[in-house]
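# Structure here, sequence nowhere to be found:
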């Protein structure tokens, strides 16, 4: 268990906020953290570690505090897709991709990020390697899954990879050693790619000891599985994939606000209260293959992001370019850099949203998350409206997913501030929310 407090547990009904004497399931820095996914290749014209390091002040000003670096290890040549290959077809876990610079360049980035107050997590790809990974020649044949003819095989259309054999516990040991290689360099944890493709017993076999040896690390599973959601055994956080697809469908009129309410209730039953849920409107997979958030969510994209930040138990993810309203798909196997990072209205929106997430205890993740109370009558079926509470902190969210304006009169006990304008809310006041618009009040 990470940072276990040896004390009695005092549970107050309806209040999950951390209090003296309670068990703390995660490193303290994680509960209100906001994660930024760095696509190194496309992050600058150079596409290097140095290109990322140069933008640390901008990211600091944005307000994010965890940098998730997409895979920065050496990429295989055999079967390579496109000109530059997939980040997820790795030929050596202990080497950096020379496309991005040297090992010293990586260490310089890590040190600079730490000095600026960031945490840095690496994208860990344990399910498969490139066909020409060093293990293919150094390890026995049963290190990889093979067909009846003895050929190493791959999953899906990942023809530039070969699947590791997790029936072989030597693979477990090798993965553990490789992860420790980077932890010894000072990284703060891992986002584990395709975590659900590997047996839960593998993760339960190596992660508890990693957590014991490195108690301040953060572990994120690209999975949405109950058996990978106990932070004492496996991961701090799972992906909220179901929420992501529901928000896309809500924006397209395929789902309703009732479906969202049912999801929140079901998710709370499905996962332990201490489990973090990573919420997002985009990431590298969605942007490159499914389209930008504007393609999928249209005028409701910002309202969807607001829900990602304010629904229970969630952590918020920002993907490369979202903070400037990037409205194009980034190439996956080729150089396709973002060259203009000028601040704009999207930057202002994301800075406010990140600040909202980080400064309100009611919006913390895991067992510290506040309660949720849905507003019922007279709220229309197409409007999301709820309040979140933890202690003396309260956050009210109203978002219009309908086709018509919503003009309620806001008259709620207490003194509130508009989270996006900073202005005090005089009550009663009439709100005027066009389709896709939202408002967030805090106190």
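Good, I have the coordinates. Bear in mind that the values here come from a model prediction, so they are computed numbers and not experimental data. Residues are numbered from 1 along each chain as shown.

# Tell me where the model's unsure across the stretch 251-400 of the chain.
Nowhere does the stretch 251-400 of the chain drop to pLDDT under 70.

# Which parts of it are strands?
Listed in chain order, the strands of the stretch 251-400 of the chain (DSSP state E, counting those that start in this stretch) span 276-279, 314-319, 371-374, 383-390, 393-400.

# Who are the packing partners of the last one?
Looking back up the chat, that one is strand 393-400. Here strand 393-400 touches helix 301-310, strand 383-390, strand 438-442, going by 3 or more Cβ pairs under 8 Å, 6 or more residues apart in numbering; DSSP states H and E. For glycine as for every other residue, the C-beta is placed from the backbone atoms N, C-alpha and C.

# Ok, the third one next?
In terms of contacts (3+ Cβ pairs under 8 Å, 6+ apart), strand 371-374 is packed against strand 383-390.

# which residues make contact with the strand it packs on from outside it?
15-17, 257, 260, 303, 307, 310, 312, 360-364, 368-375, 379, 394-402, 406, 433 (Cβ atoms under 8 Å, 6 or more residues apart in numbering).

# Quick check on those residues: which are buried?
In terms of neighbour count (16 or more other Cβ atoms under 10 Å), the buried residues within the contacts of strand 383-390 are 16-17, 257, 260, 303, 307, 310, 312, 360-364, 368-372, 375, 379, 394-402, 406, 433.

# How much space separates the closest residue to residue 364 other than its chain neighbours from residue 408?
Leaving out its chain neighbours, the residue that sits closest to residue 364 by Cβ to Cβ, 6 or more residues apart in numbering is residue 31, at 4.6 Å. Separation of residue 31 from residue 408 (Cβ to Cβ, to the nearest Å): 32 Å.

# Looking at these two, which is more packed in?
The residue with more neighbours, out of residue 31 and residue 408, is residue 31; 23 against 19, by other Cβ atoms under 10 Å.

# For the more buried one, give me the pLDDT.
The model reports residue 31 with a pLDDT of 97.

# which residues touch it?
Contacts of residue 31 by Cβ under 8 Å, 6+ apart are 18, 364-366, 368.

# Make a markdown table out of these and add distance to residue 414.
Listed next are those as a markdown table, based on distance: Cβ to Cβ, whole Å:
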| residue | distance to residue 414 |
| --- | --- |
| 18 | 24 |
| 364 | 20 |
| 365 | 25 |
| 366 | 26 |
| 368 | 22 |
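
# Pull the most distant pair out of these.
Greatest spatial distance among the contacts of residue 31 (Cβ to Cβ): 18 and 365, at 11.4 Å.

# how much space between the closest residue to residue 64 other than its chain neighbours and residue 59?
Nearest residue to residue 64, sequence neighbours excluded (Cβ to Cβ, 6+ apart): residue 36, at 3.9 Å. Going from residue 36 to residue 59 by Cβ to Cβ gives 6 Å.

# shared neighbours of these two, which are they?
Counting by Cβ under 8 Å, 6+ apart, the shared contacts of residue 36 and residue 59 are residue 67.

# neighbour-wise, which of those two wins?
residue 36 (23 against 19).

# where's the more buried one, which helix or strand?
Assessed by DSSP states H and E, residue 36 sits inside strand 34-38.

# could you give the angle of that strand to strand 314-319?
Following axes from the mean of the first three to the mean of the last three Cα atoms, to 10 degrees, one obtains 30 degrees for the angle between strand 34-38 and strand 314-319.

# So which residues make contact with strand 34-38?
For strand 34-38, using Cβ under 8 Å, 6+ apart, the contacting residues are 52, 59, 62-70, 121, 220, 278, 283-284, 315-320, 354, 357-358.

# Quick one: buried ones out of these?
Here, 16+ other Cβ under 10 Å leaves 52, 59, 62-70, 121, 220, 278, 283-284, 315-320, 354, 357-358 buried among those.

# Please name the residues that touch residue 171.
Residue 171 sits next to 143, 164-165 when contact means Cβ under 8 Å, 6+ apart.

# ok, now with 6 Å
Residues in contact with residue 171, defined by Cβ atoms under 6 Å, 6 or more residues apart in numbering, are residue 164.

# Tell me if it really is in a helix.
Yes: counting by DSSP: H, G, I helix; E, B strand; the rest coil, residue 171 is part of a helix.
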